[in-house]
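Q: sequence and predicted model, in that order:
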Amino acid sequence: MPNPSEILQRALQDAAATFQSLVRLEKQVGEAADLIADCLRKGNKILACGNGGSAADAADFCTEFACRFERDRRPYPALNLTDSGSLITATGNDYAFDEIFARQVRAFGSPGDLLVAITTSGNSKNVRRALEEAKEGGLKTISLLGRDGGSARNLADIDLIVTGNRTARIQEAHKFLLHVLCEICEDRISAD
């Protein structure tokens, strides 16, 4: 059985390799930041969704815009689609769990809004359905995916795919990318 020191050292090495691999996403990160800033400057809103830890990342991402990231500025509309337990459970019960985000995209999304969809496997059916509904509704889309992008690959306008096989490292990289996007966009929207 590995000791705590070995586990920590291996985790640090894996994290460093995963984060270093993000350099190849420089172009996509710039394009994603453009979509976010453009959406908010035009008075549109951000919707975000994910399951489990990705739901927590969606919540944090929305909070960074609706409250603030690093500096005081006006708030921007960003809705976390994982927040309403009653709406999620009603939709899951009355329709299907696969529809819990898609129905909200349909209810709350408007053309020009932006959906940020997060799935470490790339195979979450409810996240796929949200992306499909967003496209049908005229929303722009950004996906944060893991591994090879899974079945959600190429459904969004911009894919940020964190390759690797460890869910924890993928999720950590997703959180990092979301914070980088907040940092870039806060500079752009603070001038508004």
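A: Great, that's in hand.

Q: need the helices for the chain, in chain order.
A: Using DSSP state H, the helices of the chain run over residues 4-21, 26-41, 53-66, 85-94, 102-108, 125-136, 167-190.

Q: what about stretch 64-76, average pLDDT?
A: Stretch 64-76 comes out with an average pLDDT of 94.

Q: scratch that, stretch 179-192
A: Rounded mean pLDDT across stretch 179-192 is 89.

Q: among the helices of the chain, which is nearest Asn154?
A: Nearest of the helices of the chain to Asn154, taken as CB to CB: helix 125-136 at 10.0 Å. C-beta: built from backbone N, CA, C; applies to glycine.

Q: can you tell me how far Leu155 is from Phe176?
A: 22 Å (CB to CB, to the nearest Å).

Q: neighbour count for these two, which is higher?
A: Using other CB atoms under 10 Å, the more surrounded residue of Leu155 and Phe176 is Leu155, with 21 against 15.

Q: low pLDDT regions in the chain?
A: Per-residue confidence for the chain (pLDDT under 70) gives these ranges: 191-192.

Q: hmm, back to that, tabulate the helices of the chain (CSV), appending distance to Asp148.
A: Shown next, in CSV, are these (distance: least, CB to CB, whole Å):
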stretch, distance to Asp148
helix 4-21, 13
helix 26-41, 15
helix 53-66, 17
helix 85-94, 28
helix 102-108, 23
helix 125-136, 15
helix 167-190, 11
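
Q: so which of those helices gets nearest Leu115?
A: Closest to Leu115 of those is helix 125-136 (CB to CB; 4.1 Å).

Q: may I see the buried residues of the closest one?
A: Neighbour-count burial for helix 125-136 flags 125-131, 133-135 (criterion: 16 or more other CB atoms under 10 Å).

Q: which ones are touching the closest residue to Phe19 other than its chain neighbours?
A: Nearest non-adjacent residue to Phe19, counting by CB to CB, 6 or more residues apart in numbering: Ala173, 6.2 Å away. Listed by CB atoms under 8 Å, 6 or more residues apart in numbering, the contact partners of Ala173 are 18-19, 22, 162, 164.

Q: Glu186 contacts Phe69, doesn't it?
A: Yes - between Glu186 and Phe69 there is a contact at 4.6 Å, judged by CB atoms under 8 Å.

Q: overlap in contacts, these two.
A: In contact with both Glu186 and Phe69: no residue, using CB under 8 Å, 6+ apart.

Q: quick revisit: for the buried residues of helix 125-136, which one is nearest Ile7?
A: Looking across those and measuring by CB to CB, the closest to Ile7 is Val127, at 30.0 Å.

Q: okay, now the closest residue to Arg147 other than its chain neighbours: neighbour count?
A: Spatial nearest neighbour of Arg147, chain neighbours left out: Gly122 (6.0 Å); criterion: CB to CB, 6+ apart. Neighbourhood size, Gly122 [other CB under 10 Å]: 23.

Q: many thanks, have a good one.
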